[in-house]
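Participant: Pasted the sequence and its predicted model underneath.
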Amino acid sequence: MRSIISFVLLLIITWGISLSLDRIPFGESKTHVGDYYIEKGREETGASNVVTSVVVNYRGFDTLGEVTVLFVAAIGLSAVLYTRRKKQKGEVEPASLVLTTGCRFLFPLILLFGAYIFIHGHLTPGGGFQGGAIIASAFLLVYMGCRGRRISETGSKTVESLSGLIFLVVGLIGLAVGGRYFLFNFLPKGELNSLFSAGIIPIIYIAIGCKVGSELGGIIDRLVEESG
């Protein structure tokens, strides 16, 4: 009986998909939204990276939601691991001299590279999420290579809170000054393809990069603490 029902449902789904495909105008542009972003994105936002102009400017409120989802996930993981926290921990076996030295040498370089990614997000491919993930990988390297070392929980939470606050404040200032929408680009656009351009977009990307890096770093810290 279940097989018959499953087969009937499969036929209905297939029939619905076939009707939908017949009505989709493949090869035709009906919304013109993408064309508008491509044609007007650089002029209106001052960012040479069109993807950045869409993510941070045109749909910046959606990006705020994505950052909030990551924040909620970090809180959820902390709550789950807190209930399973071990009272006694064994001694951490020290890493070799080569591994420790390499870790200390690469750590600042990875941080610098991550900062470069989100600072130049309005000019080149990359941005706050990518740069923040690279920064988090630097802390992962510390836990793997420099065993026994941990990031400051207070410092991580401070950076995370300030970054989120900057995001909200900049968005509210744009709403108050522009009077049009949240994250209105109220700063001068500057010269295209220059570092100091694109108005508020570099500020938002720096805030996102620091927030994502601190949140992912905190998640790594809690996971390492749980497995320690």
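Facilitator: Yep, it's here. Numbering: from 1, shown residues only.

Participant: and L140, helix, strand or coil?
Facilitator: helix (DSSP: H, G, I helix; E, B strand; the rest coil).

Participant: no no, E66
Facilitator: Applying three-state DSSP: E66 is helix.

Participant: who touches the one residue sitting closest to the centre of the chain in this structure?
Facilitator: Residue closest to the average C-alpha location in the chain (CA atoms, centre = their mean): F129, at 2.7 Å. Applying CB atoms under 8 Å, 6 or more residues apart in numbering to F129 gives the contacts 66, 208-209, 212. For every residue, glycine as well, the C-beta is placed using N, CA and C.

Participant: Name the helix or strand for the residue nearest to Y143 when sequence neighbours are not counted, please.
Facilitator: Nearest non-adjacent residue to Y143, counting by CB to CB, 6 or more residues apart in numbering: V224, 4.8 Å away. For V224, the host element (DSSP states H and E) is helix 201-227.

Participant: what's near enough to touch I119?
Facilitator: 131, 195, 202, 205-206, 209.

Participant: before we move on, back to that, which elements pack onto the helix holding V224?
Facilitator: If contacts are counted by 3 or more CB pairs under 8 Å, 6 or more residues apart in numbering; DSSP states H and E, helix 201-227 sits against helix 60-83, helix 97-119, helix 128-145, helix 153-178.

Participant: In JSON lines: the ones you listed, plus distance to F186 and mean pLDDT.
Facilitator: Compiled in JSON lines, those are given as follows (distance: least, CB to CB, whole Å; pLDDT from 0 to 100):
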{"stretch": "helix 60-83", "distance to F186": "13", "mean pLDDT": "80"}
{"stretch": "helix 97-119", "distance to F186": "20", "mean pLDDT": "90"}
{"stretch": "helix 128-145", "distance to F186": "19", "mean pLDDT": "89"}
{"stretch": "helix 153-178", "distance to F186": "4", "mean pLDDT": "87"}
